[in-house]
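A.B. asks: Sequence first, then the predicted structure, then my questions.
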2 protein chains.
Amino acid sequence: MKNAILASTSTLHDQKYLEYLLPEIKKLYSGASEVIFFPFARPGGLSLDEYTEKASEAFKMANIDLKGIHEYSNPAEALENAEGIFTGGGNTFLLVSELYRNKLMQPLREAVLNGTPYLGTSAGTNIAGLTMQTTNDMPIVYPPSFKTLGIIPFNINPHYLDPDKNSTHKGETRETRIKEFHTINTQPVVGLREGSWLEIMDNKISLKGSLSARIFEKDRLPYEVDANNTLTDLN
Amino acid sequence: MKNAILASTSTLHDQKYLEYLLPEIKKLYSGASEVIFFPFARPGGLSLDEYTEKASEAFKMANIDLKGIHEYSNPAEALENAEGIFTGGGNTFLLVSELYRNKLMQPLREAVLNGTPYLGTSAGTNIAGLTMQTTNDMPIVYPPSFKTLGIIPFNINPHYLDPDKNSTHKGETRETRIKEFHTINTQPVVGLREGSWLEIMDNKISLKGSLSARIFEKDRLPYEVDANNTLTDLN
């Protein structure tokens, strides 16, 4: 049993935090009055409390109280009883390090596999894949492992960016980076553009939003999948 | 004793591989007939032999033979006797993993500290810092540590990119990423733009090329240092 939304980004250009996801949030957490927030990715160095406050403001629009996982005396128990879970974006290395340090990677995985509604944005989406190895983030801290929740049988590259044909910059394009990933690793990678999300209902995985996603499989040319198609057979 | 060139990139727009660095290469390795190449970063998934071949072509313009470190039966001994060393760019996680796996991180460090002329480009420059934690690369493999050569007392961000004020993309800017790095780490970071390099002569560190570099220190506003100034006191 799974019920999850994995969004490329929390925020669209010229919109407020989580604004475009509000209808999905209302649907996903329907009936819930309190949702647990994982603020560990701390975007821009926000404190856990500051980040929880920011996310709470947005969730008020859906009449949902958000409580930071760091506020619970027994976080593992809180997860078992959670009505819903939201993991926000920021730095994926920090998020994964803190999940392991607080011994919450496995409890979080179990909660999601047991059907607790889960929303991830950016780093919170990245960790739903098999590993965090297709993150765009800087390795600001050394996590004990790159292995993540494995709620879906592939990896995600959030904030997927098409190569800029006019660029004179010689840093690797996103496509080159994912190609390098596939010289060593075998799982497919879904390049999820900003404004796209994956909807996971039990074992069905659907691409939502208005954009196509770019799919990278080892030893195959990358290809596009249009919105409202399923990715259930990708593994 | 140190004698090193640490370049942001191997290649400038509309130029050939290493073309703009050719005068520096001739000066750095003056008198050397053979230089050892570290191809471990394997850009775009090139094989070790393919990458060595590519770099050899460029070094022929300086009348220098390049030999891949993987071609030596005793690489540590080869490093001790090397006339010069060049580490090319690609994926920093892969480069660092392979340096540790081949037990070459320490011998490489010693060779550079003993004055063996060293050229790094991109990933090869990143590893000259205290840690690889300000790389832009994807974590395609899990290295045993993020600690690197520490030839200089700070970190480098190669291919430094200024924020694009017209961008509607919500992924973190480079500056935001480095700010997040400084919420956890204390060493300064030099944002080295493409076309810039650091020249290390004993303990003197000079910024070369025509561009300024952007310096990030913990709890300070970022600032610019103009070309031909020294960074000797940055630590």
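C.D. replies: Received the coordinates, thanks.
A.B. asks: secondary structure class for A:Gly120?
C.D. replies: For A:Gly120, the secondary structure call by DSSP: H, G, I helix; E, B strand; the rest coil comes out as strand.
A.B. asks: burial count for it?
C.D. replies: Here the number of neighbours of A:Gly120 (other CB atoms under 10 Å in any protein chain shown) works out to 30. In short, each C-beta sits where N, CA and C put it, glycine included.
A.B. asks: Equivalent analysis for A:Glu50, please.
C.D. replies: The number of residues packed near A:Glu50 is 13, by other CB under 10 Å.
A.B. asks: cool, A:Gln15 as well?
C.D. replies: Here the count is done by other CB under 10 Å, and A:Gln15 has 13 residues near it.
A.B. asks: I'd like to know how far the closest residue to A:Asn114 other than its chain neighbours sits from chain B.
C.D. replies: Once flanking residues are discounted, A:Asn114 sits nearest to A:Met1: 6.4 Å by CB to CB, 6 or more residues apart in numbering or on different chains. Relative to chain B, A:Met1 is positioned 31 Å away (CB to the nearest CB, to the nearest Å).
A.B. asks: who are the neighbours in contact with A:Met1?
C.D. replies: When contacts are counted by CB atoms under 8 Å, 6 or more residues apart in numbering or on different chains, A:Met1 is found next to A:Leu113, A:Asn114, A:Gly115, A:Asp202.
A.B. asks: From chain B, how far off is the second one?
C.D. replies: Think A:Asn114. In this structure, A:Asn114 lies at 29 Å from chain B, with CB to the nearest CB as the measure.
A.B. asks: residues near that residue, how many?
C.D. replies: A:Asn114 sits with 13 neighbouring residues when counted by other CB under 10 Å.
A.B. asks: same deal with the last one?
C.D. replies: Close neighbours of A:Asp202, defined as other CB under 10 Å, add up to 10.
A.B. asks: my read: it touches A:Ile151, true?
C.D. replies: No: at 11.6 Å, A:Asp202 and A:Ile151 do not qualify as touching, with contact defined as CB atoms under 8 Å.
A.B. asks: Tell me the helix or strand right after the helix or strand bottoming out on mean pLDDT in chain A.
C.D. replies: Counting by mean pLDDT, DSSP states H and E, the weakest-scoring helix or strand in chain A turns out to be helix A:174-181, with a mean of 93. Sequence-wise, the next helix or strand beyond helix A:174-181 is strand A:189-193, with elements assigned using DSSP states H and E.
A.B. asks: report the angle between the axes of that following strand and helix A:174-181?
C.D. replies: Here the directions of strand A:189-193 and helix A:174-181 differ by 160 degrees (axes from the mean of the first three to the mean of the last three CA atoms, to 10 degrees).
A.B. asks: How far does strand A:189-193 sit from its chain's centre?
C.D. replies: What separates the centre of strand A:189-193 from the centre of its chain is 11 Å, taken as CA atoms, centre = their mean, to the nearest Å.
A.B. asks: same check, this time on stretch A:34-50
C.D. replies: For stretch A:34-50 - counting by CA atoms, centre = their mean - the centre lies 14 Å from the chain centre.
A.B. asks: In three-state terms, label the residue nearest the centre of chain A for me.
C.D. replies: Centroid check for chain A by CA atoms, centre = their mean gives A:Thr125 as the closest residue, at 0.8 Å. Classification of A:Thr125 by three-state DSSP places it in helix.
A.B. asks: ok, now which ones touch it?
C.D. replies: When contacts are counted by CB under 8 Å, 6+ apart, A:Thr125 is found next to A:Leu6, A:Ala7, A:Ser8, A:Gly89, A:Ile156, A:Pro158, A:Leu192, A:Trp197, A:Leu198.
A.B. asks: run the last query once more with 7 Å
C.D. replies: Residues in contact with A:Thr125, defined by CB atoms under 7 Å, 6 or more residues apart in numbering or on different chains, are A:Leu6, A:Ala7, A:Ser8, A:Ile156, A:Pro158.
A.B. asks: Write out the residues of chain A neighbouring chain B.
C.D. replies: By CB under 7 Å from any CB of the partner chain, the part of chain A that sits against chain B consists of A:9, A:11, A:13, A:44-45, A:91, A:133-136, A:138-142, A:146, A:159, A:161, A:168-171, A:176-177, A:179-181, A:183-185, A:194.
A.B. asks: Repeat the analysis, applying 6 Å as the threshold.
C.D. replies: By the rule CB under 6 Å from any CB of the partner chain, the part of chain A lying against chain B is A:9, A:11, A:13, A:44-45, A:91, A:133, A:136, A:138-142, A:146, A:159, A:168, A:170-171, A:176-177, A:179-181, A:183-184, A:194.
A.B. asks: Any of these buried? List them.
C.D. replies: When the residues of chain A next to chain B are checked for burial by 16 or more other CB atoms under 10 Å in any protein chain shown, the buried set is A:9, A:11, A:45, A:91, A:133, A:136, A:138-141, A:146, A:159, A:170-171, A:176-177, A:179-181, A:183-184, A:194.
A.B. asks: Could you double-check that A:Phe216 lies in contact with A:Glu224?
C.D. replies: No: A:Phe216 lies out of contact with A:Glu224 (CB atoms under 6 Å); the separation is 11.1 Å.
A.B. asks: These two: which has the busier surroundings?
C.D. replies: Per other CB under 10 Å, whichever of A:Phe216 and A:Glu224 has more neighbours is A:Phe216, with 24 against 11.
A.B. asks: Show me which helix runs longest in chain A.
C.D. replies: Criterion DSSP state H: the longest helix present in chain A is helix A:48-60.
A.B. asks: got the buried residues for that helix?
C.D. replies: Going by neighbour count (16+ other CB under 10 Å), the buried part of helix A:48-60 is A:Leu48, A:Tyr51, A:Thr52, A:Lys54, A:Ala55, A:Ser56, A:Ala58, A:Phe59.
A.B. asks: Contacts for that helix, please.
C.D. replies: Under the contact criterion CB atoms under 6 Å, 6 or more residues apart in numbering or on different chains, helix A:48-60 has outside partners A:Tyr17, A:Leu18, A:Phe37, A:Pro39, A:Arg42, A:Leu66, A:Gly68, A:His70, A:Gly88.
A.B. asks: Now a PyMOL select for only the buried ones of the residues you listed.
C.D. replies: Here is the PyMOL command that selects only those of those that count as buried (16+ other CB under 10 Å):
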select buried, chain A and resi 18+37+39+42+66+68+70+88
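A.B. asks: The residue nearest to A:Gly129 when sequence neighbours are not counted - how many residues pack around it?
C.D. replies: By the measure of CB to CB, 6+ apart, the closest residue to A:Gly129 outside its immediate chain neighbours is A:Asn155, 4.0 Å from it. Using other CB under 10 Å, the number of residues around A:Asn155 comes to 24.
A.B. asks: List the contacts of A:Asn155.
C.D. replies: When contacts are counted by CB under 6 Å, 6+ apart, A:Asn155 is found next to A:Gly129, A:Leu130, A:Thr134, A:Gln187, A:Val189.
A.B. asks: Show me the shaky parts of chain A.
C.D. replies: Counting by pLDDT under 70, chain A contains no low-confidence range.
A.B. asks: doesn't A:Tyr115 fall inside a strand?
C.D. replies: Let me fix one detail, which is that residue A:115 is Gly and not Tyr. No: applying three-state DSSP, one finds A:Gly115 to be coil, outside a strand.
A.B. asks: what sits against it?
C.D. replies: The neighbours of A:Gly115, taking CB under 6 Å, 6+ apart as the test, are A:Met1, A:Asn3.
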